[in-house]
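> Sequence below, structure please.
(one chain, ligands or ions: 1)
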Amino acid sequence: MPKKLIVANWKMQPQSLAEAEGIVEAVDGYFSQTGEHSTTAVVFCPPFVFLEEVAKLLGQSHLEHQAFLGAQDIAVSDDVAQTGEVSGPQLAKLGVRYVIVGHSERRWKLGESDEVVNEKLRDALRNELVPIVCVGERERGAGDRWRDELATQVRATFAGLSADDVGRCLVAYEPVWAISTTPGARPDTPDAAAASIQVIRDVLSRDFGVADAQALYGGSITDVNALEFLSNPAFAGVLVGGASVRKDEFVRILGAADAAAS
Ligand code: PGA
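A predicted model of the protein is given here:
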């Protein structure tokens, strides 16, 4: 059975390096206990300021096969004239393997367009990073409009990419209304999220020739609902925001992933 992937999107947290260390140590402790039996892998996506330190911690841990480093964003190109940005080669040199692109907080709060996300996605691929490509509708109004919104976003996000390149991406379905910091947020249900992922898969299959895209779900995942999502074969894993910095809860989510696989 393939490993379930738990992506920890720390966003702009934690506030101190000591807290960041505490989260990695808690995960190290979990995997020291479960050892080879675990079928779960973690991708830590700390803010840029903690990347180097988390890379060192992972190097000293027992997590070689179980935890990987991810970044939360990447510049659109390797051109140095981009104040405030961080490039693909800089990330790769730190040992980063995954990078989140197109997170809804960047799309909707910072105005990142589908074209910019597409450029970032291409840059990640050029630098041999695995893009975790976030897509998801903003609202779920009455009727089917959200499906068109989602399909259009997927088409524009991956525009012009080859089947080979699309096949190297992980797609994270994150409906904005389900993200814990959205006012009135509620998690999607596994069945409904699986149906949305089918909308995404249909576009990737029809327009890009990729029939078996790997998909994650993200949006208000907690230690209470993780098991039901991770037990559903539609999801290769989950993308966890708020709960990924609550270390005890995060370890319980890892436990849910292993329980789902057993
Ligand atoms: P959440 O965040 O788990 O706090 O809802 C998910 C995300 O925004 O990636």
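
> rest of the way, CA atoms for contacts and neighbours
Noted.

> Against residue 38, how distant is residue 254?
9 Å (CA to CA, to the nearest Å).

> Check whether stretch 67-84 comes near the ligand.
No: under the criterion of CA under 6 Å from any ligand atom, the ligand is not reached by stretch 67-84; the shortest gap measures 9.7 Å.

> So for that stretch, what gets flagged as buried?
Within stretch 67-84, the residues that count as buried by 16 or more other CA atoms under 10 Å are 67, 68, 69, 70, 71, 72, 73, 74, 75, 76, 77, 78.

> I'd like to know how many residues surround the closest residue to residue 104 other than its chain neighbours.
Leaving aside its chain neighbours, residue 104 sits nearest to residue 176 (6.6 Å; criterion: CA to CA, 6 or more residues apart in numbering). Using other CA atoms under 10 Å, residue 176 has 23 other residues around it.

> Can you name the residues in contact with stretch 26-38?
61, 62, 63, 66, 247, 248, 251, 258 (CA atoms under 8 Å, 6 or more residues apart in numbering).

> Next one: the first one relative to the ligand, how far apart?
In other words, residue 61. Residue 61 sits 25 Å away from the ligand when distances are taken as CA to the nearest ligand atom, to the nearest Å.

> One more: the fifth one?
Using CA to the nearest ligand atom, residue 247 is found at 13 Å from the ligand.

> Residue numbers of this protein in contact with the ligand?
For the chain, the residues in contact with the ligand (CA under 6 Å from any ligand atom) are 9, 179, 180, 218, 219, 220, 221, 239, 240, 241, 242.

> Among those, which ones are in strands?
Per DSSP state E, strands hold the following members of the residues of the chain next to the ligand: 9, 218, 239, 240.

> State the pair within the residues you listed that is farthest apart.
Spanning the widest gap among those are 9 and 218, at 9.9 Å by CA to CA.

> which neighbours do those two share?
Common neighbours of residue 9 and residue 218 (CA under 8 Å, 6+ apart) are 239, 240, 241.

> Tell me which residue of the stretch 1-150 of the chain lies closest to the ligand.
residue 9 (5.8 Å; CA to the nearest ligand atom).

> Number of residues surrounding that residue?
Residue 9 has 24 neighbours, counted by other CA under 10 Å.

> if we can go back for a sec, closest one to residue 195 out of the contacts of stretch 26-38, please.
Distances from residue 195 to the contacts of stretch 26-38, taken by CA to CA, are shortest for residue 258, at 23.9 Å.

> Need the residues that contact the helix or strand containing that closest one.
Element membership of residue 258, judged by DSSP states H and E, is helix 247-261. Here helix 247-261 makes contact (CA under 8 Å, 6+ apart) with 1, 4, 6, 22-23, 26-27, 30, 38-40, 222-223, 226-228, 230-231, 243-244.

> hey, where'd the helices end up in the stretch 151-262 of the chain?
Applying DSSP state H, counting those that start in this stretch to the stretch 151-262 of the chain gives helices spanning 163-167, 190-208, 226-230, 247-261.

> which of these sits most buried?
The highest mean neighbour count among the helices of the stretch 151-262 of the chain, using mean count of other CA atoms under 10 Å, belongs to helix 226-230: a mean of 22.

> For that helix, give the mean pLDDT please.
Averaged across helix 226-230, pLDDT comes to 97.

> And for that helix, what's in contact with it?
By CA under 8 Å, 6+ apart, helix 226-230 touches 4, 190, 217, 235, 236, 237, 238, 253, 256, 257, 259, 260.
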